[in-house]
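Peer 1: here are the coordinates; sequence isn't available:
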Ligand SMILES: *Cc1c(COP(=O)(O)O)cnc(C)c1O
C-alpha cells in the first residue's frame, strides 16, 4: 500500500497558508511536530480516508475519536441528509433535542438534566460556570496534561511549586483570568489530598479527564480517581468528568460506567454529535437548576441543539446502544493490544491503552502523568509517524494524542497495522 507523493496536498497547503494562519483551523493539523506537510482530505469512509492526491490511508485519528462507527456511516449520513431536507437550524426548539437528551441520559444516568452546545470547549466552559454558580466558590482544580478545550482559564499549566496557581500556557490570556485555576499533577493522590486538606472548602469544582487522552492516553490509578471523588464530596466541591472523548467510547456510559464513579457534572462531545458540531454538559438536577431561565447562571447558543447534529447523534447512539456493541469493540481492541505488546517488547516503547484507545510513547519509562509523557522522544515519534504514513496508515499526528479503534477497523485491517508498526519501529 506504498504511498505516492502528495503534490496536490502540498499545493493546497501553500494556498491555505495564504489565508488561514498556519494553513489550518486547529494547530495540530499542521503536522509540525512530526515534520510532515499535511494531507488534505477528499473523502472518508469506514476506517479509511483518501487525500486529494488519491492516496488512501487507514485512519487512527478518526476526527479525534468522533467516529466510533467509522467514517460516513450509511444510516447516520441518511438521517443527517433527511434532517437537512427539513431545514438546518431554527433557533426554535425541536423534539430531536429532547430525544437525544433522553438517549444521553439513558447511557449516562448521572446526567439527570443536560443541555446541548456546539463544541467540547463550550461544554466544559458552561459546566464550570454552573459549578461556580451553584457553589458560590471560585477555585477550579484541573490536572496537568488534561485538556478541556481552549477557554482562557483552562489554558493553564502547572506552576513551579507542586500545587500552585497555574500560569497561562497561551499568550493572550491575562494573568487575572487564570488566578482561580489550580493545576495539580495527574495520578498523584497525596498532592491532591494535601491540597484539599487546606483549600478544599474554597474549591468550586475539580475537572478531570477520567482517562486522560490529551497527553497521550494515560489511565488513572484506581486509588487516584476514587480520591478525587472522595475529597470533593468531603469539602462540598463538585466533580466534573470531562468525557468529551471517553463518553460513549470506553463504555456506553463512558468512563464513569467503566470505573463505577458518579460525578456531579459531565461533559460529552465528539461521538455525541455523530460527526457534526455538538456537545453537551449536564449532571445533577439540583445543580443544573441554576441555569437560566430557571436560575441565575447565563448560557446560550444560536446553533445549540442543531437539528442536523441531533439527528446524527440520535442515530449514532442508537447504533452503539445495540446489544454487544462495546463487547465486540473491546474484544477486537484487546486482541490488537495483546499482539501490539509483543511487537514493541524490548523496543523502549510504552503502550498505554484503555478500551479502544491507545498511545505508543517512545520512552522506556512508564507514563503516568504529563511530566512522564514529556520525556518521550518526539523525534522518534516523528519518524514512526512518517513510516506509518508511507505504509498508508494515518496515526494521530502527535506523541500527546490517542489513537482510536472503530467498528470499521476489522481484524484484517488491524493485522496489516500490526505488521506496519513492526516495520516502522525497526
Ligand atoms: C476534544 C476535547 C475537548 C474540546 O472539544 P472541542 O469540541 O474541540 O472544543 C474538551 N475536552 C476533552 C477531553 C477533549 O478531548
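Peer 2: Looks like it came in fine. Keep in mind that what you see is a predicted model, and the values were worked out from it rather than measured.
Peer 1: correct me if wrong: residue 108 contacts residue 254.
Peer 2: Yes - counting by Cβ atoms under 8 Å, residue 108 does reach residue 254; the two are 5.9 Å apart. Quick note: C-beta positions are derived from backbone N, CA and C, even for glycine.
Peer 1: shared neighbours, the two?
Peer 2: 243, 247, 266, 268 (Cβ atoms under 8 Å, 6 or more residues apart in numbering).
Peer 1: buried subset of the residues you listed, written for PyMOL?
Peer 2: Typed into PyMOL, the line below selects the buried ones among the shared contacts of residue 108 and residue 254, using 16 or more other Cβ atoms under 10 Å:
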select buried, resi 243+247+266+268
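Peer 1: grab the nearest non-local neighbour of residue 133.
Peer 2: residue 297 (3.7 Å; Cβ to Cβ, 6 or more residues apart in numbering).
Peer 1: beta partners for the one you found?
Peer 2: Assessed by DSSP bridges, residue 297 has beta-bridge partners residue 291.
Peer 1: now do residue 113
Peer 2: Beta-bridge partners of residue 113, as defined by DSSP bridges: residue 283.
Peer 1: the ligand contacts on the stretch 101-250 of the chain?
Peer 2: 119-121, 124, 147-149, 209, 213-214, 242, 244-245 (Cβ under 6 Å from any ligand atom).
Peer 1: export those to a markdown table and tack on neighbour count and pLDDT?
Peer 2: Shown next, in a markdown table, are these (neighbours: other Cβ atoms under 10 Å; pLDDT from 0 to 100):
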| residue | neighbour count | pLDDT |
| --- | --- | --- |
| 119 | 18 | 98 |
| 120 | 29 | 98 |
| 121 | 19 | 97 |
| 124 | 27 | 98 |
| 147 | 21 | 95 |
| 148 | 27 | 96 |
| 149 | 18 | 95 |
| 209 | 25 | 98 |
| 213 | 30 | 96 |
| 214 | 21 | 95 |
| 242 | 32 | 98 |
| 244 | 31 | 98 |
| 245 | 29 | 98 |
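Peer 1: residue 190: which of the residues you listed is nearest?
Peer 2: For these, the closest approach to residue 190 (Cβ to Cβ) belongs to residue 209, at 20.1 Å.
Peer 1: correct me, but that closest one touches residue 246?
Peer 2: Yes - assessed by Cβ under 8 Å, residue 209 is found in contact with residue 246 at 7.1 Å.
Peer 1: for the closest residue to the ligand within the chain, what are its contacts?
Peer 2: Per Cβ to the nearest ligand atom, residue 120 is where the chain lies closest to the ligand, at 2.1 Å. Residues near residue 120 by Cβ under 8 Å, 6+ apart: 148-149, 242, 244, 267, 269-270, 279.
Peer 1: where along the stretch 251-400 of the chain do the helices fall?
Peer 2: Using DSSP state H, counting those that start in this stretch, the helices of the stretch 251-400 of the chain run over 254-259, 285-288, 307-320, 325-344, 370-374, 378-390.
Peer 1: wait, which of these is closest to residue 405?
Peer 2: It is, among the helices of the stretch 251-400 of the chain and with distance given as Cβ to Cβ, helix 325-344, at 5.0 Å.
Peer 1: how is the chain divided into domains?
Peer 2: Domain ranges of the chain: 7-60+324-425, 74-320, per automatic domain parsing.
Peer 1: out of the residues of the stretch 101-250 of the chain next to the ligand, list just those in strands.
Peer 2: The strands, defined by DSSP state E, take in residue 242 from these.
Peer 1: residue 355 versus the residue nearest the centre of the chain, what's the distance?
Peer 2: Taking Cα atoms, centre = their mean, the centroid of the chain lies closest to residue 245, which sits 3.1 Å from it. Residue 245 sits at a distance of 11 Å from residue 355 (criterion: Cβ to Cβ, to the nearest Å).
Peer 1: hang on, the earlier thing: any chance of JSON lines for the helices of the stretch 251-400 of the chain, columns distance to the ligand, mean neighbour count and mean pLDDT?
Peer 2: Output for the helices of the stretch 251-400 of the chain, formatted as JSON lines (distance: least, Cβ to the nearest ligand atom, whole Å; neighbours: other Cβ atoms under 10 Å; pLDDT from 0 to 100):
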{"stretch": "helix 254-259", "distance to the ligand": "10", "mean neighbour count": "23", "mean pLDDT": "98"}
{"stretch": "helix 285-288", "distance to the ligand": "19", "mean neighbour count": "16", "mean pLDDT": "98"}
{"stretch": "helix 307-320", "distance to the ligand": "12", "mean neighbour count": "24", "mean pLDDT": "98"}
{"stretch": "helix 325-344", "distance to the ligand": "19", "mean neighbour count": "15", "mean pLDDT": "98"}
{"stretch": "helix 370-374", "distance to the ligand": "14", "mean neighbour count": "20", "mean pLDDT": "96"}
{"stretch": "helix 378-390", "distance to the ligand": "19", "mean neighbour count": "18", "mean pLDDT": "97"}
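Peer 1: if we can go back for a sec, what is the nearest of the residues of the stretch 101-250 of the chain next to the ligand to residue 193?
Peer 2: residue 209 (19.7 Å).
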